[in-house]
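1. Return a 3D structure for these sequence lines:
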Amino acid sequence: MAADLLLRAVLRRKVEFLRHVRQRRAQYSTKPPTAGEQIPTPGNVPNLPFWQRLGPLTRAAFAYARAQRKRPYTTQVATSLVIYFFSDISAQRMGGKDYDPKRTVRSLIIGSISSIPSFRWTLWLSSNFNYSSRILSLGTKVVVNQLCFTPIFNSYFFGMQAFLAGESWKDIVERIRVTVPVSFVNSCKLWPAVTAFSFTFIPMEYRSLFAGVVAVGWQTYLSFLNRRAEDGKAIEQAAPALAAKAMEAEPTQLKARQVELSTRPEMAMAAAN
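-> Numbering: from 1, shown residues only. All right, here's what the predicted structure looks like:
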């Protein structure tokens, strides 16, 4: 009885060993090349793309892509916060005035709110308007993005800037009316080319990163345009007060002139002549 059990155990181990050897042979065996099949050599093996040979930059891009696939919304919010922070800092430095942290906080709020809708828009645009003609698909995506997303986003950006600054609804509408047409015209000089390049050459997980790099400069421009609108409104509000002050000062200046003429007869005669 014991001998039978021992024999069965040995045979079972032998069968398992043979099965394991057969599997390893099947795994590592290669099909012999046919007569017309080219054997890969260092000369005909394609090189890695340039952007995958940038060392630390490539590793950072891969890390971003992994985060994008694992937690897309969190990654988008964090990316938007970085973009809007540096954009507002750049815009304030361009203005030549003292740094205003409240403006930076407003920009961060605006960026965090718009990050998820912007990301969802990019996904929707990627999955739609895919025709048999690549040129037609690309042109449609560019036109739809420029005519739909750009004016809505710019209206949101400038309207929220005015709203968070505590301005009235009338002032918010006026801010949008003044800034959106100018920003839309200028965006036509930049974003169609960026959108076309992104949908043509950039993988999906890197499109938001590519657009974010470009958006640093674009958001700097929008922040600068918004600050110029704020300065124009401040000058407009201060104009009546300056005019009233000038009118109040005019009688005093006239009276001082009359006193000066009365005390100096030669000046009075010259003024009369």
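2. Going along the chain, name the helices of the stretch 151-273 of the chain.
-> For the stretch 151-273 of the chain, applying DSSP state H, counting those that start in this stretch gives helices covering 169-187, 191-201, 204-263, 265-272.
3. What residues of the first one count as buried?
-> This points to helix 169-187. Within helix 169-187, the residues scored as buried using 16 or more other Cβ atoms under 10 Å are Ile172, Glu174, Arg175, Ile176, Thr179, Val180, Ser183, Phe184, Ser187. Backbone N, C-alpha and C define where each C-beta goes, glycine included.
4. which residues are contacting stretch 164-171?
-> Applying Cβ atoms under 8 Å, 6 or more residues apart in numbering, the set of residues contacting stretch 164-171 from outside is Arg106, Ile109, Ile110, Ala162, Arg175, Glu230, Lys233.
5. repeat for stretch 106-121
-> 72-73, 76-77, 79-81, 83-85, 87-88, 149, 153, 156-157, 160-161, 164-165, 208, 219, 223.
6. what about 6 Å?
-> Tyr73, Gln76, Val77, Ser80, Leu81, Tyr84, Asp88, Phe149, Met160, Leu164 (Cβ atoms under 6 Å, 6 or more residues apart in numbering).
7. Looking at it now, give me its mean pLDDT.
-> Mean pLDDT, computed over stretch 106-121, is 92.
8. buried set for it?
-> Applying 16+ other Cβ under 10 Å to stretch 106-121 flags Arg106, Ser107, Leu108, Ile110, Gly111, Ser114, Ser115, Ser118, Phe119, Trp121 as buried.
9. would TSV of those residues with secondary structure and distance to Ser133 be doable?
-> Supplementary listing: the buried residues of stretch 106-121 in TSV, determined by DSSP: H, G, I helix; E, B strand; the rest coil; distance: Cβ to Cβ, whole Å:
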residue	secondary structure	distance to Ser133
Arg106	helix	43
Ser107	helix	40
Leu108	helix	41
Ile110	helix	37
Gly111	helix	36
Ser114	helix	32
Ser115	helix	32
Ser118	helix	27
Phe119	helix	27
Trp121	helix	23
